[in-house]
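1. Okay, sequence plus prediction incoming.
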Amino acid sequence: MALESFVAIMAMIAATLLDPGVYFAINTGAGIVGSTPEAAVQTITGWGFPVTAQQMQSLAQEMGERTLFARTGGAPSLAVGMASIFGNSFGRGLLAVWYHFAIMFEAVFILTTLDAGTRVGRFMLQDLIGQVWKPFGRTSWYPSVLTASTLVVAAWGYFLYIGVIDPNGGVNILWPLFGIANQMLAAIALSVATGILIKSGKARYAFVTLAPLAWLALITTTAAWQKIVSTDVRIGFFAAANDLAAKLAAGTLPAARAAVAPQLIFNQRLDGWLTVLFTAIVWFVIIDMLRMWARRARGLPVMRSSEAPYQLTRLQGLPQGSRA
């Protein structure tokens, strides 16, 4: 979480280094500003943020790219900002190197998140199905491992696919859901860690995990609530979908917008229902942890912890020189 905050701070600093027109040209999908450079710069300039096609073309050449228009997702704008910082410090002749270094840095960061999320999802799926069919719950059984891994990868791969083909750009449809789900996963992990502390007879140390858990639960639930029930079409998933559906039914949308409206409506509603599901899962885990804590405090039996007991390392007691 600390590393993610550091990346977020870097992203905001990098964004402030870009001209507003350049920033919007990079981070706005073709479905909003237009599919050609001329249409995009005209739309963005009309918003009050001047930018020219020549300016964007020169910037793309400096960064070693063919174009920087509609490069949504946050990574290109972060990379351009970081390349500008490094270029001003070490020479602008290496702008393309710094740009692609930043792209690689962010890709590695995302891949580690996907790796951890896939592993956690696989373990949870195996445990869930294992309640019905015991062999599937064995984490060392290859048919179970491969099946669960394939299902989890297919699930996040589907969302990656609909984000890539989303007319407004993947960042618009995926980023809010990713931000909420990422923090909710942290809340689940903190709930599990709290439960382990309590079952281990170390409830007095539970504040170490309870404090960040309370903060995450409050912030993410508030954000999820706003994304679900807000009537502001700029915030609420369902509000945006219903507004677009009403305009489509009334025939007030331009032809190009009307052609992609059904897909946009589906994506917004899918995000809304998934946010409902994620929120319900998180609070189910938190409430179950609190229920277990209450039973433990009253001296009632609780499920046995599956954590392996602590074992003293065999290096303990060996001479200092022999530990190497």
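-> All right, it came through fine.
2. I would like the residues contacting the worst-scoring helix or strand of the chain on mean pLDDT, please.
-> None of the helices or strands of the chain scores lower by mean pLDDT, DSSP states H and E than helix 2-16, at a mean of 76. Applying Cβ atoms under 8 Å, 6 or more residues apart in numbering, the external contacts of helix 2-16 come out as 23, 74, 77-82, 84-85, 106, 109, 182. Every C-beta, even on glycine, is put in place using the N, C-alpha and C of the backbone.
3. try stretch 76-84
-> 10-11, 13-18, 22-23, 26-27, 59, 63, 65, 68, 71, 95-96, 98-100, 102-103, 106.
4. Just the ones in strands from these, please.
-> The members of those all map outside strands under DSSP state E.
5. which helix is the longest one in this structure?
-> Longest helix in the chain by number of residues (criterion: DSSP state H): helix 255-297.
6. before we move on, back to that, can you give me how far the least confident helix or strand of the chain is from the chain middle?
-> Distance, stretch centre to chain centre, for helix 2-16: 14 Å (Cα atoms, centre = their mean, to the nearest Å).
7. How about stretch 12-32?
-> Using Cα atoms, centre = their mean, the offset of stretch 12-32 from its chain centre is 20 Å.
8. Same check on stretch 279-292?
-> 22 Å.
9. got the buried residues for it?
-> Neighbour counts over stretch 279-292 (16 or more other Cβ atoms under 10 Å) mark Thr279, Ile281, Val282, Val285, Ile286, Met289, Met292 as buried.
10. Now do the contacts for the second one.
-> The one in question is Ile281. Ile281 touches Met184, Ile188, counting by Cβ under 8 Å, 6+ apart.
11. try 10 Å
-> Taking Cβ atoms under 10 Å, 6 or more residues apart in numbering, we find Ile281 in contact with Met124, Ala181, Met184, Leu185, Ala187, Ile188.
12. In contact with Ala241, which residues?
-> Ala241 neighbours (Cβ under 10 Å, 6+ apart): Val233, Ala261, Leu264, Ile265, Phe266, Asn267, Gln268, Arg269, Leu270, Asp271, Gly272.
13. Count the neighbours of the residue lying closest to Leu17 once chain neighbours are set aside for me.
-> Spatial nearest neighbour of Leu17, excluding adjacent residues (Cβ to Cβ, 6 or more residues apart in numbering): Gly81 at 4.7 Å. By the criterion of other Cβ atoms under 10 Å, Gly81 has 24 neighbours.
14. For Gly81, give its distance to Val208.
-> Distance from Gly81 to Val208, counting by Cβ to Cβ, to the nearest Å: 36 Å.
15. Check which helix or strand the residue most central in space within the chain maps to.
-> With distances taken as Cα atoms, centre = their mean, the residue of the chain nearest its centroid is Phe178 (2.8 Å). Taking DSSP states H and E as the definition, Phe178 sits inside helix 170-199.
16. for Ala211, same thing?
-> Going by DSSP H and E, Ala211 is part of helix 207-229.
17. so how far is that helix from its chain's centroid?
-> So, by Cα atoms, centre = their mean, the centroid of helix 207-229 is 15 Å from its chain's centroid.
18. Toward the C-terminus from it, list the very next helix or strand.
-> helix 237-250.
19. one step back: which PyMOL command selects the buried ones in the contacts of Ala241?
-> A single PyMOL command selects the buried members of the contacts of Ala241 (16+ other Cβ under 10 Å):
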select buried, resi 261+264+265+267+268+269+270+271+272
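20. one step back: report the angle between the helix holding Phe178 and helix 2-16.
-> 160 degrees (axes from the mean of the first three to the mean of the last three Cα atoms, to 10 degrees).
21. Would you mind getting the angle between helix 170-199 and helix 207-229?
-> Going by the same axes, to 10 degrees, helix 170-199 makes 140 degrees with helix 207-229.
22. if I read this right, Trp293 contacts Gly195, doesn't it?
-> Yes: Trp293 is within contact range of Gly195, at 7.7 Å (criterion: Cβ atoms under 10 Å).
23. shared neighbours, the two?
-> Ala206, Val302.
24. Of those two, give the one with the bigger neighbour count.
-> Gly195 (23 against 19).
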